[in-house]
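*Asks:* Structure for the following, please:
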Amino acid sequence: MKHVKIIGVPEHFNLPWHMAIEEGAFAERGIDLEWTDIPEGTGRMANMLKDGETDLAIILTEGITKSISEGNPVKIVQKYIDSPLLWGIHVANKSPYHEISDLKGTAAAISRFGSGSHLMAFVNAQNQGWETEKLRFEVINNLDGAVKGLTEGTADYFMWERFTTKPLVDNGTFRRIDDCPTPWPCFVVAATEDFCKANSGVLKHVLEVINQYTKEFKMIPSIDRTIANRYGQKLTDINEWLSITQWGQDPLSEKQLQSVQERLLSLGLVQKVKPASSFLL
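*Replies:* Here you go, the predicted structure:
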């Protein structure tokens with residue numbers, strides 16, 4: 001058995017991986033795929049790839065693009081979620097802020113620098129016409145940290161995947177002011193360059209398995225109920241999420257990569273647009 005380490009966020013997007021592991025689909029190919037949840041998100045996952053703590057990651061497109069641009073020896077293997085990510089913009093339930101314009105000049109809670117919550121705060125600010133160089137941040141590590149930060153007032157708003165945070169809206173911890181979708185496919189499969197070079201056949205098998213699972217995922221009987229029960233979500237929310245989410249099995253196109261790089265450059269988050277070969281396998 002070939003041991004392969006993979007990481008991702010503990011969210012419903014990644015259920016196909018867990019199902020494939022639990023049903024022995026990778027083991028049938030001689031692969032012992034070890035999944036680790038990383039609640040801190042993309043910033044930490046990029047560092048784990050860089051430090052060789054994992055072979056593969058299911059990671060936000062903008063975050064890994066920025067990290068590779070800064071020298072992380074990683075390749076984007078293919079798209080995982082082909083649709084945009086719907087980032088909810090949240091405040092504490094008792095916050096004085098009620099409109100997105102109220103958040104100008106306030107402090108954004110972020111899991112860490114280089115994370116999706118950090119980068120999308122820039123995208124949102126640019127969308128609103130705010131001066132991005134004046135953005136302020138409070139590092140909160142994860143969702144629990146965001147609850148503490150917003151409740152105690154050390155940060156003012158928090159951007160996180162809308163459906164993951166919906167239970168916190170439903171129970172009155174957060175209020176969602178607005179949404180900010182990513183302008184690109186949101187999740188990709190990334191691998192260290194060392195793993196790609198040494199295990200091209202294994203990587204091919206991993207992708208074949210997961211792509212088959214994601215192609216059939218929405219057709220699984222009562223999958224909406226399975227997701228709702230497993231992730232503590234309302235059935236109506238899961239059905240809405242399923243309706244707007246598309247899994248991808250193809251490479252990230254050079255045009256899509258160019259769009260991500262150009263937006264990051266316009267935000268001052270990367271120094272230059274680099275050739276596609278720097279990023280794509």
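
*Asks:* Excluding chain neighbours, what is closest to Leu168?
*Replies:* Using C-beta to C-beta, 6 or more residues apart in numbering and skipping the chain neighbours, the partner closest in space to Leu168 is Phe174 (4.6 Å). (Each C-beta comes from the backbone N, C-alpha and C, glycine too.)

*Asks:* Just list whatever residues bridge to that neighbour.
*Replies:* With DSSP bridges applied, Phe174 shows beta-bridge pairing to Ala92.

*Asks:* I'd like the distance between it and Ala92.
*Replies:* Phe174 sits at a distance of 7 Å from Ala92 (criterion: C-beta to C-beta, to the nearest Å).

*Asks:* list the helices and strands the helix ranked longest in the chain packs on?
*Replies:* Determined from DSSP state H, the single longest helix within the chain is helix 200-216. In terms of contacts (3 or more C-beta pairs under 8 Å, 6 or more residues apart in numbering; DSSP states H and E), helix 200-216 is packed against strand 2-8, helix 15-22, strand 31-37, strand 74-81, strand 187-192.

*Asks:* could you dump these to TSV with mean neighbour count, distance to Thr245 and mean pLDDT?
*Replies:* Output for those, formatted as TSV (neighbours: other C-beta atoms under 10 Å; distance: least, C-beta to C-beta, whole Å; pLDDT from 0 to 100):
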stretch	mean neighbour count	distance to Thr245	mean pLDDT
strand 2-8	19	15	98
helix 15-22	18	11	98
strand 31-37	16	19	98
strand 74-81	22	7	98
strand 187-192	28	10	98
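
*Asks:* Can I get the ones you listed in a markdown table including distance to Asp144?
*Replies:* Formatted as a markdown table, the helices and strands packed on helix 200-216 follow (distance: least, C-beta to C-beta, whole Å):
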| stretch | distance to Asp144 |
| --- | --- |
| strand 2-8 | 18 |
| helix 15-22 | 21 |
| strand 31-37 | 13 |
| strand 74-81 | 24 |
| strand 187-192 | 22 |
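
*Asks:* now for those, which one comes closest to Gln256?
*Replies:* Smallest distance to Gln256 across the helices and strands packed on helix 200-216 (C-beta to C-beta): 8.2 Å, for strand 74-81.

*Asks:* Gly153: neighbour count?
*Replies:* 11 (other C-beta atoms under 10 Å).
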